[in-house]
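**Q** pasting the sequence and the predicted model now:
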Amino acid sequence: MGEELYGTNVEASYSDINASGVNAFGNNNTIHHISYQGQPPAKPIIRDLVGVPDLLKVYAEAAADSSLSALLHERSTACLTGRPNTGRFSTACAALARRHRADRVREVLLPEEVGPEALHRAADSLAEDHGYVLRLTGHRHVETMRLLADVFRQRSASLLLIRDDDSRAGSRHSAEVPHQSPAPVAVFRRHLQHQLRDRADLSGEENEWQVDTYLQHGDLRAALESTYGPREVVPLATAVADRHPADGDAIAEIVGMSQPRRRARAADVLRTEVAGGDRRPRRAEQHERAFRIAYAVFARQPLHYVFEAASLLLEEIDGQAKRPDWGRMALQHPVSELLGPLDVDWREGREAARSHVGVSRSAWLRDGAMRGAIIDEAWHEFDSTRPAILKWLDTLVASDDEPVRRAAGEAAGLLAHHDFDRVCTDLIDGWASAPRPRSRQAAARAIVVADMGGNVHHLVRRKVRDWAGGHRNYQRDAAALVYASGLQQPDLSWSLADLRRIAEDRMQQHTHAVAESVYQLYLHSHDRADQIIFELARWSDDRQLQRHAGNALLILASRTADDLPSGAADLMTKLAASQVDAADLARLWQVSLLATLPSRRAWLIFGQWLHRADSDESFRKSIGALVTDLAAVPALRHRLQFHLIRLSEFQNGLPRWLENAMRE
C-alpha cells in the first residue's frame, strides 16, 4: 500500500530512528530529551554520523561545495541555507568531512525550548578537530555563529548550521552559503557507478563507459531532469543497476515506472479535452475527473465503490460552487468514457482483479503506484479542489463499509504528507477525537500512511505525542492504535512513556492496543528487551496498569525465537543469557498468573515454558530460579502446585528439578 501511494520513495521502516541516547527523541530540527515524568533537561545531545564514509562514495558535487570549503577554512562557524529535500544535509556532511575527516563528523540535536547557546555551556562535550552540523529553525543563525565561534575555534573544530532559505540573496550574511540541489544526472552517475562497481566488477573505464551509454538514452535523461530531488534519482540508478546490462526496452520500462513519468501520466489522466469542438453534457469534465480520482482512491476495490464515491465527490464539488442540487444522473456516461486513459488498465485488469467473493469488476491499475500519483495531481493541479476533497474524505470515513473507510484514511495520509497541518486540522484530528472507534482507526491509518512518505516524520511523531499526552481519551485511543501499527518514536523511552500515559486512561482497560504496541516496540527494539521488561515491571506496581503489563507479557512470552512454532520462547532465551532482569520478569509473571481474566492463558503459556525447560537443560537453571522466585510469594505457592499438575504437559507428575525449585 505504501508503494502504491509513494512509489519507490516509500519509507516504511519504523526502526530507522534519527537520534539515539538516553531518553532521546528527535527528528530533523528539534529533539526532546525527557524522563518518564516528562521533564526535559536543558542539555544538547551529540551523536556520531556513522554513515558519512558511505555517503562520500556516492556524493555528487553541489554548487556550494567550493564556497563552503573556503568558508570553513577561514571560520569556525558557517551556515548553509536551502530548501528541504534538496540534499543540503549531505552537502554539509561532505564539507565537514573534507575539513576534518569522515569519521569525525557529528550532529548536534537540541532539546525543545533550548537554544544553541547551550553549546557554550556544554563546551566540554565538543571534541578536538571534529565537524558538527546543527539544523536550526528561526532567524538566530547570525547570533549563533557569533556566539559560538570562539568555542569551536579553541578546539580547532567547525560548526555548520543548516536552515531554510527564506531570505533574499542580497541580504545574506557573509558566512552564509546558498545551497541548490546537485544536478540529477550527476547524482545518477555517482550512484550507478558505485552500484555497478560493487555488482558487476567492472574496471574504472568500463564503468564510466557503461554509465555514459545509459545516459545516451533520451527518455532516461528527460526523466532525470524531471525529478523533484535526489530521492527520486536514486531509485532510477538502482533500477538500472538491477537490470544491468539493460537494453533499450529495459530502460524504457524503468523510465515508465519512474515518479516523473507517473506524474506526467497522472496529468494526462485528469486532463479532459473536448475533441473536434463536440458539445458535451454539462459538467462532463468534472464527472470524468471525479470518477478517475475515485478510481485511484479505491484501487483494487469493487467498482461499485468507485461509482458511489464519485457521486459523493460531485456533490461536494457542487456544494463548493453553490450550484443547485442536480441529483445523481443515471445512464449518461459508460465506464470506458469516464475512465479515459485508464480504460486500458480497467480492461486488462478484469480477470486479474476478479474478487474471490464474486465481484466481476474492480478498479485496477497496471502500475499500482499510479494511485498516489493521481491523488497527488488532483490535490495540487486544480483550483478550489482541496476543500471539496477534504469534505469528501470526511464523508467517506463515516461510511459503514470498512473498505471505504480504509481507502479514505489512506488517501488522507497521502495528502497529509503534502500538507500536514491543513489535513490534520480539517480531517485527522477530528477523526482522532470522534466517539466512533472506526473513525479513530481511520485517523491512525492516515497518520501512519503520512509517515511512510518520509518528509513528515517529525510532524507525525509530534502529533502522536500530542494525542497521547492530551486530555481527550479518544485521541489517546487513536495514539494507541498508531503505536499498535508498529510506528515508534526515535527513542524507546519516549514510546514507553507515551504508552504509559495511554494505559492510565480507564478507557483502555478492556482493550489490547497498549499490549500490542509494546509487542511492536519489542519487535523493532529487540536488543532493548531489558528496558521494555524493566518498564513493564514498573507498570505492574500500579493497579491501573497491571492488566496492560500482564497482557503485554503474555504476548511477548508467546513469541518464539525466529518465529518458529517449535522454537523456544524468545524471552526464555534472553533470560537464560541474562539479557533481561530475572526479578523484573518474575514480577510480571506474578501479576499475570494472579490476574482474574488472563490467568488461564497465563498458566498455559507458563506451562509451555516449564515443559521447554524440562526438555532442554540449557533453560533449566534460569527457569528454575524463576519458579523459586514465584514460589516465594505466598499467594502463588499453592497455586503453582494446583495448576501445574493439571496442565497437559505434567499429567504424569512434576519433574524433580521443578519440585525442588518450588520447595526452595
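**A** Arrived safely.
**Q** what is the mean pLDDT for stretch 268-287?
**A** Mean pLDDT, stretch 268-287: 69.
**Q** and it, how far apart are its ends?
**A** Stretch 268-287 has an end-to-end distance of 16 Å (Cα to Cα, to the nearest Å).
**Q** with stretch 467-476 instead?
**A** With Cα to Cα as the measure, the first residue of stretch 467-476 is 5 Å from its last.
**Q** what's in contact with that stretch?
**A** 38, 429, 432-435, 440, 466, 478-480, 482, 498-499, 501-502, 505-508 (Cβ atoms under 8 Å, 6 or more residues apart in numbering). Where you see a C-beta, it was placed from the backbone N, CA and C, and this is true even at glycine.
**Q** what is the least confident helix or strand in this structure?
**A** Within the chain, no helix or strand scores below strand 24-27, which has a mean of 32 by mean pLDDT, DSSP states H and E.
**Q** got any ranges where the stretch 101-250 of the chain has weak pLDDT?
**A** 111-113, 166-170 (pLDDT under 70).
**Q** can you list the residue ranges for strands in it?
**A** Counting by DSSP state E, counting those that start in this stretch, one finds strands in the stretch 101-250 of the chain at the ranges 105-109, 131-135, 158-164, 176-178.
**Q** strands paired with the second one, and their directions?
**A** Here the strand partners of strand 131-135, with direction, are listed using DSSP bridges: strand 105-109 (parallel), strand 158-164 (parallel).
**Q** what do you get for the shortest one?
**A** When pairing is defined by DSSP bridges, strand 176-178 lines up against strand 77-82 (parallel).
**Q** contacts for the strand it pairs with?
**A** Here strand 77-82 makes contact (Cβ under 8 Å, 6+ apart) with 64, 68, 71-72, 88, 91-92, 95, 136, 141, 144-146, 148-149, 152, 158-165, 167, 172-173, 175-180.
**Q** what do you get if the cut-off is 6 Å, keeping everything else the same?
**A** Counting by Cβ atoms under 6 Å, 6 or more residues apart in numbering, strand 77-82 makes contact with 71-72, 88, 92, 141, 145, 148-149, 159-163, 165, 175-179, all of which sit outside it.
**Q** stretch 381-396 too?
**A** Residues outside stretch 381-396 that contact it (Cβ under 6 Å, 6+ apart): 312-313, 316-317, 320, 404, 408, 412, 426-427.
**Q** next, format those as TSV and append secondary structure, neighbour count and pLDDT.
**A** Converted to TSV, these look like this (DSSP: H, G, I helix; E, B strand; the rest coil; neighbours: other Cβ atoms under 10 Å; pLDDT from 0 to 100):
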residue	secondary structure	neighbour count	pLDDT
L312	helix	20	93
L313	helix	27	93
E316	helix	20	89
I317	helix	22	84
Q320	helix	15	68
V404	helix	22	96
A408	helix	26	97
A412	helix	31	97
D426	helix	18	96
L427	helix	24	96
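**Q** got CSV for the residues you listed, with distance to L630 too?
**A** Below are the contacts of stretch 381-396 laid out as CSV (distance: Cβ to Cβ, whole Å):
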residue, distance to L630
L312, 58
L313, 60
E316, 61
I317, 65
Q320, 65
V404, 50
A408, 49
A412, 48
D426, 53
L427, 50
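**Q** determine which two of those residues are furthest apart.
**A** The span of the contacts of stretch 381-396, defined through Cβ to Cβ, is set by Q320 and V404 at 21.3 Å.
**Q** name the element the residue lying closest to A299 once chain neighbours are set aside belongs to?
**A** Of all residues not flanking A299 in the chain, R371 sits nearest, at 4.5 Å (Cβ to Cβ, 6 or more residues apart in numbering). Assigned by DSSP states H and E, R371 falls within helix 370-381.
**Q** pull out the buried positions in the helix or strand following that helix.
**A** Reading on from helix 370-381 to the C-terminus, the next helix or strand found by DSSP H and E is helix 385-397. Counting neighbours by 16 or more other Cβ atoms under 10 Å, one finds that the buried residues in helix 385-397 are 385-386, 388-397.
**Q** tell me which two of those residues sit farthest apart.
**A** That would be T385 and V397, which, of those, are the farthest apart (Cβ to Cβ) at 18.6 Å.
**Q** who touches A149 in this structure?
**A** Contacts for A149 (Cβ under 6 Å, 6+ apart) come out as 76-77.
**Q** I623 and H611 touch, don't they?
**A** No. Look at I623 against H611 with Cβ atoms under 6 Å: they stay out of range, at 10.1 Å.
**Q** more crowded one of these two?
**A** Set I623 next to H611 and count neighbours by other Cβ atoms under 10 Å: I623 wins out with 22 against 15.
**Q** element containing the more buried one?
**A** Using DSSP H and E, I623 sits in helix 620-631.
**Q** which residues are contacting that helix?
**A** Taking Cβ under 6 Å, 6+ apart as the rule, helix 620-631 contacts 575-576, 586, 613, 636-637, 640, 657, 661-662, 664.
**Q** what is the neighbour count of the residue lying closest to L647 once chain neighbours are set aside?
**A** Excluding the flanking residues, the one nearest L647 by Cβ to Cβ, 6+ apart is G607, at 4.0 Å. Around G607 sit 17 other residues, with neighbours defined as other Cβ under 10 Å.
**Q** how much space between G607 and A613?
**A** 11 Å (Cβ to Cβ, to the nearest Å).
**Q** and what of L110?
**A** Taking Cβ to Cβ, one finds L110 at 49 Å from A613.
**Q** same deal with E381?
**A** 64 Å.
**Q** more neighbours, these two?
**A** A613 (25 against 13).
**Q** from what I can see that one touches F619, true?
**A** Yes. Between A613 and F619 there is a contact under Cβ under 6 Å: 4.1 Å.
**Q** where does the stretch 401-550 of the chain have low pLDDT?
**A** Within the stretch 401-550 of the chain, the stretches with pLDDT under 70 are 490.
**Q** the same query, at a cut-off of 90, please.
**A** Residue ranges of the stretch 401-550 of the chain with pLDDT under 90: 453-459, 461-462, 465, 469-471, 488-495, 497, 509-510, 523-528.
**Q** the strands of the stretch 101-250 of the chain: which one's closest to H304?
**A** Across the strands of the stretch 101-250 of the chain, closest to H304 is strand 158-164 (Cβ to Cβ), at 46.2 Å.
**Q** give the buried residues for that closest one.
**A** By 16+ other Cβ under 10 Å, the buried positions in strand 158-164 come out as 158-163.
**Q** between those residues, which is nearest S592?
**A** Minimum distance to S592 across the buried residues of strand 158-164 is 48.6 Å, recorded for I162 (Cβ to Cβ).
**Q** give the closest residue to that closest one in space, chain neighbours not counted.
**A** R135 (4.8 Å).
**Q** what does T573 give?
**A** Nearest non-adjacent residue to T573, counting by Cβ to Cβ, 6+ apart: A561, 5.5 Å away.
**Q** element containing the residue nearest to L647?
**A** Going by DSSP H and E, G607 is part of helix 599-615.
**Q** what's next to that helix, contact-wise?
**A** Against helix 599-615 from outside (Cβ under 6 Å, 6+ apart): 554, 557-558, 568, 572, 592-593, 619-620, 623, 643, 647, 649, 655.
**Q** may I see the ChimeraX selection of the buried members of the residues you listed?
**A** Listed next is the ChimeraX selection for buried residues among these, using 16+ other Cβ under 10 Å:
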select :554,557,568,572,592,593,619,620,623,643,647,649,655
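**Q** so which of the contacts of helix 599-615 belong to helices?
**A** 554, 557-558, 572, 592-593, 620, 623, 643 (DSSP state H).
**Q** how is I46 assigned, secondary-structure-wise?
**A** Following DSSP: H, G, I helix; E, B strand; the rest coil, I46 is assigned to strand.
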